[in-house]
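Asker: only geometry, no sequence info:
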């Protein structure tokens with residue numbers, strides 16, 4: 001897909017990074033009043049309704065079986081993508097080590113790994129369908145499927161909404177509108193207009209940006225090791241972006 005403004009995909013991906021980083025702060029804040037399942041259902045439902053209204057206004061394109069079944073992209077990784085990815089990943093490991101409280105359970109570690117794998121698959125696997133379908137429609141489809149899967153938590157969400165403070169509800173709305181609706185749409189836009197390897201590498205910026213936002217909003221001061229890890233993440237992403 002050609003693009004007359006080559007900086008737009010990078011800008012869109014950076015918007016996604018900033019909003020996803022803010023999502024971790026929002027989840028920490030809203031999580032004091034909402035359980036994980038109810039929080040997921042709330043933000044996904046809000047995202048589905050918001051994006052669904054826009055998709056209906058712009059027109060729906062029926063996906064083909066081929067588009068829903070495509071998985072492998074067959075893109076060749078360049079040396080810079082491999083080296084940059086390794087550098088950025090080492091930065092993520094440093095951040096994880098520096099911010100660990102030492103109380104993580106095996107279940108928690110397994111769940112984090114499962115989330116990381118599922119997120120990586122989801123972020124890349126949508127690229128084949130973005131050639132003909134719009135970023136809005138693809139994002140809405142993902143949100144709608146996620147909301148349907150989380151429907152068993154509807155009674156919990158209804159109960160917690162009645163007792164949640166206004167601040168927590170505001171964070172829930174924020175998570176549904178910006179990190180869910182806007183961020184995943186801008187990410188799909190960037191992915192449709194660039195190679196998956198270089199675009200996905202930008203996601204390595206989420207941990208250091210999250211640390212910065214946590215410092216500014218939650219007052220959580222990062223240590224030297226975390227700052228070093230953040231610097232490695234930025235260096236790695238810079239390497240992947242070099243021609």
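Answerer: Cool, the structure landed. What you see is a predicted model; the values in this text were computed from it and never measured.

Asker: Contacts only, for the residue lying closest to residue 222 once chain neighbours are set aside.
Answerer: Using CB to CB, 6 or more residues apart in numbering and skipping residues adjacent in sequence, the residue nearest residue 222 is residue 211, 4.8 Å away. For every residue, glycine as well, the C-beta is placed using N, CA and C. By CB atoms under 8 Å, 6 or more residues apart in numbering, the contact list for residue 211 reads 95, 99, 220, 222, 226-227, 230.

Asker: Which of those residues fall within strands?
Answerer: In strands, judged by DSSP state E, none of those are found.

Asker: could I get those as a markdown table with distance to residue 168, pLDDT and neighbour count?
Answerer: Putting those into a markdown table (distance: CB to CB, whole Å; pLDDT from 0 to 100; neighbours: other CB atoms under 10 Å) gives the following:
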| residue | distance to residue 168 | pLDDT | neighbour count |
| --- | --- | --- | --- |
| 95 | 27 | 77 | 24 |
| 99 | 24 | 69 | 17 |
| 220 | 19 | 84 | 14 |
| 222 | 25 | 85 | 18 |
| 226 | 27 | 85 | 22 |
| 227 | 30 | 87 | 16 |
| 230 | 29 | 86 | 23 |
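
Asker: Go through the residues you listed and name the one nearest residue 160.
Answerer: residue 220 (25.1 Å; CB to CB).

Asker: quick one, what contacts the closest one?
Answerer: Contacts of residue 220 (CB under 8 Å, 6+ apart): 211, 214.

Asker: Please apply the same query to residue 19.
Answerer: 178-179, 182-183, 186.

Asker: Then residue 78?
Answerer: Contacts of residue 78 (CB under 8 Å, 6+ apart): residue 197.

Asker: now the helices for the protein?
Answerer: Applying DSSP state H to the chain gives helices spanning 7-30, 36-58, 65-69, 79-99, 106-125, 135-149, 154-163, 166-175, 183-192, 196-201, 206-213, 224-241.

Asker: Closest one to residue 22 out of the contacts of residue 211, please.
Answerer: Looking across the contacts of residue 211 and measuring by CB to CB, the closest to residue 22 is residue 220, at 14.1 Å.

Asker: can you tell me how far the residue nearest to residue 222 sits from residue 201?
Answerer: Distance, residue 211 to residue 201, by CB to CB, to the nearest Å: 18 Å.

Asker: ok, now how distant is residue 112 from residue 96?
Answerer: 9 Å.

Asker: Then residue 155?
Answerer: Residue 155 is 35 Å from residue 96, by CB to CB.

Asker: and these two? which has more neighbours close in?
Answerer: residue 96 (14 against 10; other CB atoms under 10 Å).

Asker: Ramachandran angles for the spatially closest residue to residue 61 that is not a sequence neighbour?
Answerer: Distance criterion CB to CB, 6+ apart; nearest residue to residue 61, sequence neighbours excluded, is residue 133 at 5.5 Å. Phi and psi for residue 133, reported as degrees, to the nearest 10, are phi -90, psi 150.

Asker: what bits of the protein have low per-residue confidence?
Answerer: The model of the chain has pLDDT under 70 over residues 1-4, 65-77, 99-106, 109, 123.

Asker: for the contacts of residue 211, which one is nearest residue 5?
Answerer: Nearest member of those to residue 5, counting by CB to CB, is residue 230, at 29.0 Å.
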